[in-house]
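> got a sequence here, can you model it:
(2 chains)
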Amino acid sequence: GDSVTQMEGPVTLSEEAFLTINCTYTATGYPSLFWYVQYPGEGLQLLLKATKADDKGSNKGFEATYRKETTSFHLEKGSVQVSDSAVYFCALRSNKLVFGAGTILRVKS
Amino acid sequence: NAGVTQTPKFQVLKTGQSMTLQCAQDMNHEYMSWYRQDPGMGLRLIHYSVGAGITDQGEVPNGYNVSRSTTEDFPLRLLSAAPSQTSVYFCASSYSGGGRESYEQYFGPGTRLTVT
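Reported below is the predicted structural model:
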């Protein structure tokens, strides 16, 4: 069945560091891909999405590129802030929305 | 718009008790779903609905029931609570759930359930 694999956390970075959170997927067909973010005590919010190969999703300085050849959708940000501390979920939708396990990001000032 | 609302925010049950988690949305979304979130396991789909009167099972449906009598409401019933159902439960909605549509899912704030 469809699945999403994310790098394990927690990821701890200093402010202004470069962020990469790896995400790979297995799916039949051509799924849409998403990154969701969950701030402490809240529900998930859509961060960015891509619907076809080579699409780049971007929002709030985060970006991710849909790589069909490597079945990946890695999340990147050039300079993280303390306010980016949260749990990040990679997800795909083919006939259902399937989530990865989530990666905790902690940013220190 | 209130978005997706869930009640209660917290609940403690004893083993064997039953209860209903409420979920409502005011965005006229066709698709609604329930997830549970457990540490290290991401979100797992319990049940979902593609419209009023239509429900289907997700990945982990055992021990839970749902119904969808209106577009707005999608309650989740725990029939006989077990400690394994201790989790955080999220309700979500979107414009459509079929196929590979990229519609955003809107999540409620969650219900933290503890079963002792």
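
> what comes into contact with stretch B:75-87?
By Cβ atoms under 8 Å, 6 or more residues apart in numbering or on different chains, the residues outside stretch B:75-87 that reach it are B:13-23, B:34, B:36-38, B:46-47, B:63-67, B:89, B:91, B:113-116. The C-beta positions use only the backbone N, C-alpha and C, and glycine is treated the same way.

> tell me which residues in that stretch are buried?
Under the neighbour-count criterion of 16 or more other Cβ atoms under 10 Å in any protein chain shown, stretch B:75-87 has B:75-76, B:78, B:81, B:85-87 buried.

> for chain B, what's its nearest residue on chain A.
residue A:43 (3.4 Å; Cβ to the nearest Cβ).

> show me what the closest residue to that residue other than its chain neighbours is bridged to.
The shortest distance from residue A:43 to any non-neighbouring residue, by Cβ to Cβ, 6 or more residues apart in numbering or on different chains, is to residue B:107 (3.4 Å). Counting by DSSP bridges, residue B:107 is bridged to residue B:92.

> nearest the geometric middle of chain B, what residue?
residue B:34 (2.4 Å; Cα atoms, centre = their mean).

> which ones are touching that residue?
With Cβ under 8 Å, 6+ apart, residue B:34 has these contacts: B:21, B:23, B:45-48, B:58, B:64, B:66, B:74, B:76, B:89-92.

> again, only this time at 6 Å
B:46-47, B:76, B:91 (Cβ atoms under 6 Å, 6 or more residues apart in numbering or on different chains).

> check the secondary structure at it for me.
strand (DSSP: H, G, I helix; E, B strand; the rest coil).

> setting aside sequence neighbours, what's the nearest residue to it?
residue B:46 (4.4 Å).

> what about residue A:81, neighbour count?
When neighbours are defined as other Cβ atoms under 10 Å in any protein chain shown, residue A:81 has 13 of them.

> of the contacts of stretch B:75-87, select the buried ones using a PyMOL command.
Buried residues within the contacts of stretch B:75-87, by 16+ other Cβ under 10 Å, are selected in PyMOL with:
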select buried, chain B and resi 13+21+23+34+36+37+46+47+64+66+67+89+91+113+115
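
> can you pull the buried residues of stretch B:48-57?
Within stretch B:48-57, the residues that count as buried by 16+ other Cβ under 10 Å are B:48-50, B:52, B:55.

> low-scoring stretches of chain B, by residue?
B:97-102 (pLDDT under 70).

> which residues touch the residue of chain B found nearest chain A?
The nearest approach of chain B to chain A comes at residue B:107, 3.4 Å away (Cβ to the nearest Cβ). Contacts for residue B:107 (Cβ under 6 Å, 6+ apart) come out as A:43-44, B:90, B:92.

> repeat that for 8 Å
Each residue near residue B:107 by Cβ under 8 Å, 6+ apart is listed here: A:43-45, B:4, B:90-92.

> what's the farthest-apart pair in those?
A:45 and B:91 (14.4 Å; Cβ to Cβ).

> excluding covalently adjacent residues, which one is nearest to residue B:41?
Using Cβ to Cβ, 6+ apart, the closest residue to residue B:41 is residue A:101 (5.9 Å).

> this completes my enquiry, with thanks.
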